[in-house]
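Visitor: Predicted model and sequence follow; I will ask about them next.
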Amino acid sequence: MMRARKVTGLPARGAVLVAALALASAPYLAQAQTPTDPAASEAPADAAPPVRSGMSESVAAVVNDEIISTYDLAQRMRLVIATSGVQPTEQNLPQFQREALVGLVDERLQMHELHRVEKEQKMSLIADDQEVDEEIAAMGKENNLGFEQFKAQLAAQGIGIDTLRAQIRAQTSWSRWIRGRYGSRLRIGEDQIKAMQERISSAAAKPQYQISEVFLDANRVGGMEVAVNGANQLVTQMQQGAPFSAVARQFSASATAASGGDVGWISSGEIAPEVEAAVAEMRPGQLSKPIPVRDGVYIIYLRDKRSGSDATVVNLKQAAVALAENAPQDQIDAASAKLMALRAKVTGCGDLEAQAAKTPGVVAGDLGEAEIKDLAPSFRDAAQNLQPGQVSQPIRTAAGLHLLAVCGKRSGGQEAMSHDQIENRLYGQQLSMIARRYMRDLRNSATVETR
């Protein structure tokens, strides 16, 4: 996992943005408007974006002599709320304000750098109005909305279209510059690919996790305490229904933010030890508590989990006759005869349930997939020795007598990544690292004053 700001992608696309627009709450946002503008606190939630007035604006920040006004900040806060799906509250409003301001500062620095390069190298880097509007039109199209309808959706939540245009213009232009300047120079060596192949091979026997992440960079948000508090608020909001992918796009400082926090499948040793320890205790579908690491805080969503390649996974069905643990031998013999008669009619997993339904007193069902080592001892030997399509002899348990059918059997773990997949992953990681360092240098050399 790379801990770099995203260099590609939009803050949110199509369905996420339109579906979340209704979540932007005017009463809280009114607090972020200019204090000297009485209309800001009185505007209804469905009002059009406030008219920009230089007399009512004050300065939120100054970036290399360029002003970010309180109007700009309030507009960006509205956009962050709408695209994250997080309900604004008195507790998390400072987090929205901080995220909006950091985003605006970074975009100003990026645009200043792009203008500088354009002037020095006599080249065009900044996306024009047509490119930006095409992106916005595509966002609306995903929701069967035309451009004007999409603008109306934004305006209904007090978001001016120019606010979205500015964000898309900066992100699109910056992504194009990073890839244009560094992408063609990056070379992934065969030794790097081989080293990664060896790491993947050595970790193949370990459990693997399919995860999504949100990473709050402590240096970016103002310290570890701020990051932890912000992570706790985001976890609460996601537990209440805020989409993980939308939250990741707006709040995560990881390179995976552009893809909604999707990390994909990872093995032991590929993530921070603190994160790995937490994930190992989680169940698929579970959201972690905030996980502090050296330079920030992670929130992890465990989408799936699978065994390493040294495990054998079987897909099972069963047919059973219920028997008490202390059932007399004549009942056991009768149940066994019934199941043996059924077994003679069954050709495999495909007709086990149908044939069992014709036999009074027999109940059949799908047991799904499981590792052989995790099965009950009475089932384990049968699952180990049977081949797919075979049905066991009757097996006695405390609950009754069972026929076990093996529907499938496979080795655990992921398929090996191809040479090209490894090369592409390494390329993306290195490009993200370069972008992170570039932004760090721009911040260090900039004059940024917040008010």
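Guide: Right, received. Where do you want to start?
Visitor: you'd agree residue 160 is up against residue 154?
Guide: Yes: between residue 160 and residue 154 there is a contact under Cβ atoms under 8 Å: 7.3 Å. C-beta here means a position set from N, CA and C on the backbone, and glycine is covered the same way.
Visitor: And these two? Which one has more around it.
Guide: The neighbour comparison of residue 160 against residue 154 (other Cβ atoms under 10 Å) goes to residue 154, with 24 against 20.
Visitor: Could you check how far residue 373 is from residue 304?
Guide: 19 Å (Cβ to Cβ, to the nearest Å).
Visitor: before we move on, what about residue 399?
Guide: 29 Å.
Visitor: what about these two, which has more around it?
Guide: Remark: of residue 399 and residue 304, residue 399 carries more neighbours, 14 against 11, as counted by other Cβ under 10 Å.
Visitor: Spit out the contact partners of the closest residue to the more buried one other than its chain neighbours.
Guide: Distances taken as Cβ to Cβ, 6 or more residues apart in numbering put residue 322 closest to residue 399, at 6.6 Å, once the chain neighbours are dropped. Taking Cβ atoms under 8 Å, 6 or more residues apart in numbering, we find residue 322 in contact with 363, 399, 400.
Visitor: Give me the lowest-pLDDT entry from those.
Guide: In terms of pLDDT, residue 399 ranks lowest among the contacts of residue 322, with 90.
Visitor: Contact partners for that residue?
Guide: Residues counted as contacts of residue 399 (Cβ under 8 Å, 6+ apart) are 320, 322, 323, 325.
Visitor: so the third one touches residue 330, yeah?
Guide: Going back to what we said before, that points to residue 323. No: the pair residue 323 / residue 330 is not scored as a contact, 11.3 Å apart, by Cβ under 8 Å.
Visitor: Same drill for these two, tell me which one is more crowded.
Guide: The neighbour count for residue 323 versus residue 330, taken as other Cβ under 10 Å, is higher for residue 323 (20 against 8).
Visitor: Can you tell me, leaving aside adjacent residues, what's nearest to the more buried one?
Guide: Per Cβ to Cβ, 6+ apart, closest to residue 323 is residue 400, 4.3 Å.
Visitor: just residue 248 next, same as before
Guide: Closest to residue 248 by Cβ to Cβ, 6+ apart is residue 261, at 3.1 Å.
Visitor: Can I get the strand or helix carrying residue 275 as CSV, trimmed to CA atoms?
Guide: Residue 275 is part of helix 273-280 when elements are defined by DSSP states H and E. C-alpha atoms of helix 273-280 as CSV (Å, rounded to 0.1, in the frame of the first residue of the first chain):
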residue,chain,number,x,y,z
PRO,A,273,2.3,-5.0,11.1
GLU,A,274,-0.3,-3.1,13.1
VAL,A,275,-2.7,-3.4,10.1
GLU,A,276,-2.0,-7.1,9.6
ALA,A,277,-2.6,-7.9,13.2
ALA,A,278,-6.0,-6.2,13.1
VAL,A,279,-7.0,-7.7,9.8
ALA,A,280,-6.1,-11.2,11.0
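Visitor: and it, how far out from the chain's middle?
Guide: Its chain's average C-alpha position is 17 Å from that of helix 273-280, according to Cα atoms, centre = their mean, to the nearest Å.
Visitor: Any chance you could list what contacts that helix?
Guide: So helix 273-280 is contacted by 207, 209, 211, 268-269, 271, 288-289, 291-293, 298, 300, 302 (Cβ under 8 Å, 6+ apart).
Visitor: just to revisit the earlier point, how about the contacts of residue 322 in TSV, adding distance to residue 351 and secondary structure?
Guide: As requested, the contacts of residue 322 are exported to TSV (distance: Cβ to Cβ, whole Å; DSSP: H, G, I helix; E, B strand; the rest coil):
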residue	distance to residue 351	secondary structure
363	16	strand
399	24	coil
400	21	strand
